[in-house]
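Undergrad: Below are the sequence and a predicted model; questions follow.
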Amino acid sequence: MKKPLRLVGEICFYLVIFAILFVYLFPLLWQLSTSLKTMDEVFRGFSLIPKTPLWENYTTALRDFNVGRFLLNTILVAGLITLGQVISCSMAGYAFAKLRFPGRDFIFFLYLGTMMIPATVTLIPSYVIILELGWIDSLQGLIVPFVFGNAFGTFLIRQFLQGVPRDLEEAAEIDGAGYFVIWSRIMIPMAKPALATLAVMTLVSQWNSLVWPLIVTQADKWKVLSVGLAAFRLFRTIQWNTMMAAVVMATLPMIIILFLAQRFFIQGIQFSGLNR
Amino acid sequence: MARKMSPKRKREAVAGYLFITPNLLGFLIFQLVPIVVAILLAFTEWDLINDPIWVGFANYRNLLKEPVFHLSVKKTLYFVVINVPVQSMLALLIAILLNRSIRFQNLIRTLFIVPWVSMAVAVGLTWTWIYNSQFGLLNEILTRVGLDKIPWLAHPDWALISVIVVNIWQFLGFHIIVFLAGLQMIPREVEEAAIVDGATPLTRFFKVTLPLISPVLFYDLIVNVIGTFQAFDLPYAMTGGGPGNATRVYNLYLYQKGFQFLRMGEASAMAVMLFIIIGITTAFFFRVVGRRVNYDLT
């Protein structure tokens, strides 16, 4: 008699969890649904499934609302920053974890010390630097301040590499390997999980970032998705279906990456939430 | 450092400096120098066009006298005070619910962080549509069950709480993951011993789970407070600070001061003050709450 009762309990448990999830994710389902409706249906029909999916909303957003350009800029900016951060942080993380040089601990302490300072503090001076360089409305202006990496990434890679046993390096050193070879042939392969974590965390935060691109771009040509989409709110008559199509194109890529790299996202969250 | 280094040590040191060079350059130019410059700029009046004028503490004095500044501080505190406890408690509750050997554990965890990886601007616009007074989903539901429509983002009394709800919703998953990691560090035997002793689920929560998870809870609350003080994207995308000043949170006002009114000095002073406010709050947390935290674990 005990077993069927437990089974019923278990089924109820899953029903509750998935009911919570359905409600929790409903706003995103509604966004997807609106993006495929006609304007007529948007205002009248309150069904989740559109009668006939109107894919034109997506082409309209891409063509008439410049979303294509914004998307391209976002891919370039977020992609290049991520690449730069992974390289730069893996180099610095290796040096801070494994190499001895005067001032190492002091510099690392400075890194940690600035991690708690709110990003807005550096906003205005960084803007002035970009302004003086004449990099307003340029790809450099969007990328350069972040491409060299940051304290969080360096910290993450350093923590990970500190756990790598010394004998590996020593064996390589005996074989005559230089520091560059040790970094590229031993440290990078060893640090792959940490690098993947850094890559997905950077990619998502850069893809979604708003404040910096907002202040260094004015022309549509250089706007990224977040800045381009934020301007939608100011339109007098809003085409909700086209807007939601643009919104789906802004969110879906990161959701797909989340599902492809779940493990690394979880690790990244645990690191930023627990290891401070 | 006066000690002479062996050639091998010297090579190692040179390699060390070379490896950190790109990272350190970025750090110096876009982190350390800007921090110092921001502190200095806060003592000036500057519109980006004319030369900055040294004004001493005038920016701070003026800000402290300015009604809109007070308002933005009040709105931000309200944001923090509602958002942090509700979000963290809700997340802890869901994490406890999920903390057992269940099927689809990975899928469920991942689904909960979908809003967190979604662009805040995009999420904000989605909710603007759901909140729409005339045609939005929420008011449609209210009408169907016979209730009056609510002017969610259109009325000063409702706008801020409506934005906070979205903020709670968007970052809930992040905190669930943090708590799940914390819960998984609690040894199984401790929980089982409590069950054997006949503790009810409620006593078990207050006497076993809560004390053991308190360090994680403590850190989560700090991370949450620091993050919430800096809220910007959602209010910017959903309301732009309005209606009136209803959602003009601190960072939104700072942005407008700097980049719309071109008052770089005052905006820098605001940034420095935000840092001080966050510092004081964190220190307060450590002194008042930190003492009661059980550090035996982790």
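TA: Received it, and whenever you're ready, just let me know what you need.

Undergrad: use CA for all of it now, contacts and neighbours both
TA: Will do.

Undergrad: Residue ranges in chain A under the pLDDT threshold?
TA: Residues of chain A meeting the criterion pLDDT under 70: A:1-2, A:45, A:236-237, A:274-276.

Undergrad: May I have the residues that are in contact with the residue nearest to the spatial centre of it?
TA: Computing the C-alpha centroid of chain A and ranking residues by CA atoms, centre = their mean puts A:Val204 first, at 0.9 Å. Contacts were defined as CA atoms under 8 Å, 6 or more residues apart in numbering or on different chains; by that measure A:Val204 touches A:254, B:117.

Undergrad: and it, that one's in a helix?
TA: Yes: membership of A:Val204 in a helix is supported by DSSP: H, G, I helix; E, B strand; the rest coil.

Undergrad: Now do the buried residues in the helix or strand harbouring B:Tyr17.
TA: With the criterion set as DSSP states H and E, the secondary-structure element containing B:Tyr17 is helix B:7-27. Across helix B:7-27, burial judged by 16 or more other CA atoms under 10 Å in any protein chain shown covers B:12-13, B:15-17, B:19-24, B:26-27.

Undergrad: can you check stretch B:175-187 too?
TA: Using 16+ other CA under 10 Å as the burial criterion, the residues of stretch B:175-187 that qualify are B:175-183, B:186.

Undergrad: swap in stretch B:149-168?
TA: In terms of neighbour count (16+ other CA under 10 Å), stretch B:149-168 has its buried residues at B:150-154, B:156, B:158-168.

Undergrad: residues touching B:Phe284, list them.
TA: The neighbourhood of B:Phe284, defined by CA under 8 Å, 6+ apart, contains no residues.

Undergrad: Quickly find the element holding it.
TA: Assigning secondary structure by DSSP H and E places B:Phe284 in helix B:264-288.

Undergrad: repeat for A:Phe46
TA: Mapping A:Phe46 onto the secondary structure by DSSP H and E places it in no helix or strand at all.

Undergrad: What residue, apart from its backbone neighbours, is nearest it spatially?
TA: The spatial neighbour of A:Phe46 that comes closest, neighbours along the chain excluded (CA to CA, 6 or more residues apart in numbering or on different chains), is B:Leu137 at 7.7 Å.

Undergrad: cool, and B:Ile186?
TA: Here the residue nearest B:Ile186, using CA to CA, 6+ apart, is B:Leu212, at 6.8 Å.

Undergrad: doesn't B:Arg188 make contact with that neighbour?
TA: No: with contacts counted by CA atoms under 8 Å, B:Leu212 stays clear of B:Arg188, the gap being 12.0 Å.

Undergrad: Give me the mean pLDDT for the helix or strand where the residue nearest to B:Ile186 lies.
TA: Following DSSP H and E, the helix or strand that holds B:Leu212 is helix B:210-229. With pLDDT averaged residue by residue, helix B:210-229 scores 90.

Undergrad: That helix packs against which elements?
TA: The criterion is 3 or more CA pairs under 8 Å, 6 or more residues apart in numbering or on different chains; DSSP states H and E, and the helices and strands that helix B:210-229 contacts are helix A:262-274, helix B:67-98, helix B:156-184, helix B:264-288.

Undergrad: shaky segments in the stretch 1-150 of chain B?
TA: Ranges of the stretch 1-150 of chain B meeting pLDDT under 70: B:1-3.

Undergrad: how close does the residue lying closest to A:Lys221 once chain neighbours are set aside get to chain B?
TA: Taking CA to CA, 6+ apart as the measure, A:Lys221 lies nearest to A:Arg69, with 6.9 Å between them; neighbours along the chain are not counted. A:Arg69 sits 17 Å away from chain B, taking CA to the nearest CA, to the nearest Å as the criterion.

Undergrad: Are we agreed that A:Arg69 is in a strand?
TA: No: the assignment for A:Arg69 is helix, going by three-state DSSP, so no strand is present there.

Undergrad: How many residues are close by B:His70?
TA: A count of neighbours around B:His70, defined by other CA atoms under 10 Å in any protein chain shown, yields 14.

Undergrad: That one and B:Asn62 touch, don't they?
TA: No: taking contact to mean CA under 8 Å, the distance of 11.2 Å between B:His70 and B:Asn62 leaves them out of contact.
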